[in-house]
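**Student:** Got a sequence here, can you model it:
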Amino acid sequence: MADLLLAGSIVDGTGADPFPGWVAVDGDRISAVGSLEETAPQSSRTIGGTSLVVAPGFVDVHNHSDLSPLLFPEMRSTVRQGVTSVVVGNCGSSPWPLAAWDEAVGLAYGAPGAIPRPAWSGWTDYLDAIDAARPAVNLATLVGHGSVRQEVLGLDRRAPSTDELDRMRGLVRDAVAEGAVGLSTGLIYVPGIFSRTDEVVALAAAAAGAGGLYASHIRGEGRDLFDAVREALAVGERAGLPVHVSHLKCESSRVWGRAGDLLDVLHDAADATGDQYPYAAWNSSLASLLPPWAPVDDITAIAAGDGARLRAVVEAGEPGFQSSVDGVGWDRIVLVTAPRSAWRGQHVAAVAEDLGVTPFEAFVHLLEADPEISCIGHAMTEEDVRTIAGDPAVFVASDASATAPDGPGGDLPVHPRDYGTFPRALAMARDGLLPLAAMVRKMTALPAERFGLRDRGTIAAGAFADLVAFDPAGVRDTATFDDPHAYPEGIAAVVVNGTVAWGAGDPGIVRAGRAIRRR
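**Tutor:** Sure thing, here's the model as predicted:
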């Protein structure tokens, strides 16, 4: 007698055609898979029906819920999308080493001090803490280059010495040896923005030696997009490891209409993949609009002493630094957090009008008041988004942190991707962008294999029982930029490690996730 039985149209994650059947679960594993012609075992609980699809649980390889298990282990906005596993430690930021702890707390929508700084001595301690927290979903982890750099160099704007580079390599090597799936970089963020390619290659080689991959938020996604992608590919070639380019996009009018060219570069590479969130807006820090020579902590002095140069670079860029305002405009950059609650959800140009100053002056004022301001940039076109989303080899990923209407970040105008990424992609498939089996494959088997999540991402006997049942005719995202805290429709049930984590109508979440260690 099985512990659990799911029945419906089976989309197994491999890209094979759906078939009517059932999936039996014993413990945390799938014990059997059969067609309707085969007799299903009896079970103590059955989920599904002819109108539902049963698929592997979705794998979100670009997520920022690194510390959500310690702050908000229910992770409702994540699990209710059908996500059963996430990869965190992206964009160069990870909770270990501890130098970047405060940043990791902020990425989980935690207030300063919301999670006390622990006394961890290594990567294993972090993974053990995840297990002890019993999160709603599984977490695999990357080690962040920026966090490693900050641990060794602080926020110094210089290259590491030989000894410092050796220490950084050791931290990366140890993290991957202890279970991290690879190295990530965030090359538009402090301190990653201060690094040169040789430094990244050295750390990527340390990850390669322990069996990891290289995932990168590249140096530019607008004017410098293609040079930035080529740098990431060069890192992989020189360091000898697979490359994964995070959140593919054509940002700003400088590259609108070139999504096909971007995909060609990626597919022509020897060993490269990418992911995308299917929205035409990014979410980042306002300080990421600053060039490397203008750290946010010095913004007042720099604006007073060299304001004309700073304005020109922020709004138009310079060699080696891409402006996020150029080709977008201040009226497309919207504040998520702000020193005045009335400014949340307002674009920078509106704040400038409120203050009676130029948008650049408002930008400086905002950073002086709060260097950690988050913002959303409406910088892409729907046509480019659909082109990338329609590529069957590009993974779906949220770039989100776990939240809930009454949870951390519930009072903020967050990006709707926090709630809607995967249902939105399924709705795009229903509208004809891709066959359902192809869309599910790039949400399950492909990312699980790429990031080494063994025995996950497919429906097969012996695999972990991470599963989702959904209504293919009704699944859709409901979160919008105006009303982002809204759960999707059409997700019927989510199973994590053989436990029903959430089902339609359930009042809460049953937490059965665990840390996934690379092996």
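
**Student:** What helices and strands are in contact with the lengthiest helix in the chain?
**Tutor:** Ranked by residue count under DSSP state H, the longest helix found in the chain is helix 299-316. Packed against helix 299-316 by the contact rule (3 or more C-beta pairs under 8 Å, 6 or more residues apart in numbering; DSSP states H and E) you find helix 359-369. In short, each C-beta sits where N, CA and C put it, glycine included.

**Student:** Contacts for the longest helix of the chain, please.
**Tutor:** The contact list for helix 299-316 (C-beta atoms under 8 Å, 6 or more residues apart in numbering) reads 289-291, 294, 318, 321, 323, 325-326, 360, 363-364, 367-368, 371.

**Student:** 10 Å instead, please
**Tutor:** With C-beta atoms under 10 Å, 6 or more residues apart in numbering as the test, helix 299-316 has contacts from 223, 287, 289-291, 293-296, 298, 318, 321, 323-330, 358-361, 363-368, 371.

**Student:** Just the buried ones from those residues?
**Tutor:** For the contacts of helix 299-316, a neighbour count by 16 or more other C-beta atoms under 10 Å gives the buried set as 223, 287, 289-291, 293-296, 321, 323-330, 359-361, 363-367.

**Student:** how about low-confidence regions in the stretch 101-250 of the chain?
**Tutor:** Along the stretch 101-250 of the chain, segments meeting pLDDT under 70 are nowhere present.

**Student:** For it, which segments count as helices?
**Tutor:** With helices called from DSSP state H, counting those that start in this stretch, the stretch 101-250 of the chain shows them at 101-107, 123-133, 145-153, 162-177, 197-209, 225-239.

**Student:** the helices in the stretch 351-500 of the chain, which residues?
**Tutor:** Using DSSP H, counting those that start in this stretch, helices in the stretch 351-500 of the chain cover 359-369, 382-389, 417-430, 436-441, 445-450.

**Student:** got the angle for the first one vs helix 299-316?
**Tutor:** Interaxial angle, helix 359-369 versus helix 299-316 (axes from the mean of the first three to the mean of the last three C-alpha atoms, to 10 degrees): 140 degrees.

**Student:** Output the contacting helices and strands for helix 359-369.
**Tutor:** On a contact count with 3 or more C-beta pairs under 10 Å, 6 or more residues apart in numbering; DSSP states H and E, helix 359-369 meets helix 299-316, strand 333-335, helix 348-355.

**Student:** any idea of the mean pLDDT in that helix?
**Tutor:** Helix 359-369 comes out with an average pLDDT of 97.

**Student:** roughly how far out does that helix sit from the chain middle?
**Tutor:** Relative to the chain's own centre, helix 359-369 is displaced by 28 Å; criterion: C-alpha atoms, centre = their mean, to the nearest Å.

**Student:** what about dumping the CA coordinates of that helix to PDB?
**Tutor:** Output of helix 359-369 as PDB, limited to C-alpha atoms (Å, rounded to 0.1, in the frame of the first residue of the first chain):
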ATOM      1  CA  PRO A 359      16.000  62.900 -11.100                       C
ATOM      2  CA  PHE A 360      19.800  62.500 -10.600                       C
ATOM      3  CA  GLU A 361      19.600  64.700  -7.500                       C
ATOM      4  CA  ALA A 362      16.700  62.700  -6.200                       C
ATOM      5  CA  PHE A 363      18.700  59.500  -6.900                       C
ATOM      6  CA  VAL A 364      21.600  60.900  -4.700                       C
ATOM      7  CA  HIS A 365      19.100  62.000  -2.000                       C
ATOM      8  CA  LEU A 366      17.500  58.600  -1.900                       C
ATOM      9  CA  LEU A 367      20.900  56.800  -1.500                       C
ATOM     10  CA  GLU A 368      22.000  59.200   1.200                       C
ATOM     11  CA  ALA A 369      18.800  58.500   3.100                       C
END
